[in-house]
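Undergrad: sequence unknown, structure follows:
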């Protein structure tokens, strides 16, 4: 019986570790403009919302882009004319459980020019992105905070519908 209890506890811990990124994450600061420039043009700063499902090493979901930090709490309009690109993308990535690193690619302009986003899980509800800048060996830190657990996400938050 004692061995069964240990195996059960380890199994439950394993399940939690394999789904640790599931839920909604929002950047506390905008993404650096120079990292996501488009055709040499620096555009409006974007705040980023990630609605993720995490299963083992695979991570899937939707990335949404906002121009103001409080917009993600609102019902997202069908199309946002403030954004020069698209309002969301479907994302696919992977999570290294040993290094606690999430790697996925974003395309905020829907141009086919994707950029790597690599986040480190610092705490249960906090991920950090160290963004390379134009200056040698200098990075900008963008913190992502978990806003909702996966069971709190609606079907609409898990989908990216194209603009008309």
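TA: It's in. Remember, predicted model here, so these are calculated numbers, not experimental data.
Undergrad: my guess is residue 25 meets residue 59, correct?
TA: No - using CB atoms under 8 Å, residue 25 is not in contact with residue 59, being 11.0 Å away. C-beta: built from backbone N, CA, C; applies to glycine.
Undergrad: Now list whatever residues contact both of the two.
TA: Both residue 25 and residue 59 are in contact with residue 52, where contact means CB atoms under 8 Å, 6 or more residues apart in numbering.
Undergrad: Between those two, which has more neighbouring residues?
TA: Relative neighbour count places residue 25 above the other of residue 25 and residue 59, with 24 against 21, counting by other CB atoms under 10 Å.
Undergrad: Run through the bridge partners of the more buried one.
TA: When bridges are called by DSSP bridges, residue 25 pairs up with residue 50, residue 146.
Undergrad: Now do the contacts for it.
TA: Residues counted as contacts of residue 25 (CB under 8 Å, 6+ apart) are 49-52, 127, 144-147.
Undergrad: From these, list the buried ones, please.
TA: Buried members of the contacts of residue 25, counted by 16 or more other CB atoms under 10 Å: 49-52, 127, 144, 146-147.
Undergrad: Pull out the buried positions in stretch 101-121.
TA: Of the residues in stretch 101-121, those with enough neighbours to count as buried (16+ other CB under 10 Å) are 102, 104, 106-110, 117, 119, 121.
Undergrad: Contacts only, for the nearest residue to residue 58 once chain neighbours are set aside.
TA: The spatial neighbour of residue 58 that comes closest, neighbours along the chain excluded (CB to CB, 6 or more residues apart in numbering), is residue 94 at 6.3 Å. Residues in contact with residue 94 (CB under 8 Å, 6+ apart) are 57-59, 102-104.
Undergrad: try residue 68
TA: Contacts of residue 68 were listed using CB under 8 Å, 6+ apart, and they are residue 47.
Undergrad: and it, what element?
TA: Of the helices and strands defined by DSSP states H and E, none includes residue 68.
Undergrad: Good, we can wrap up now.
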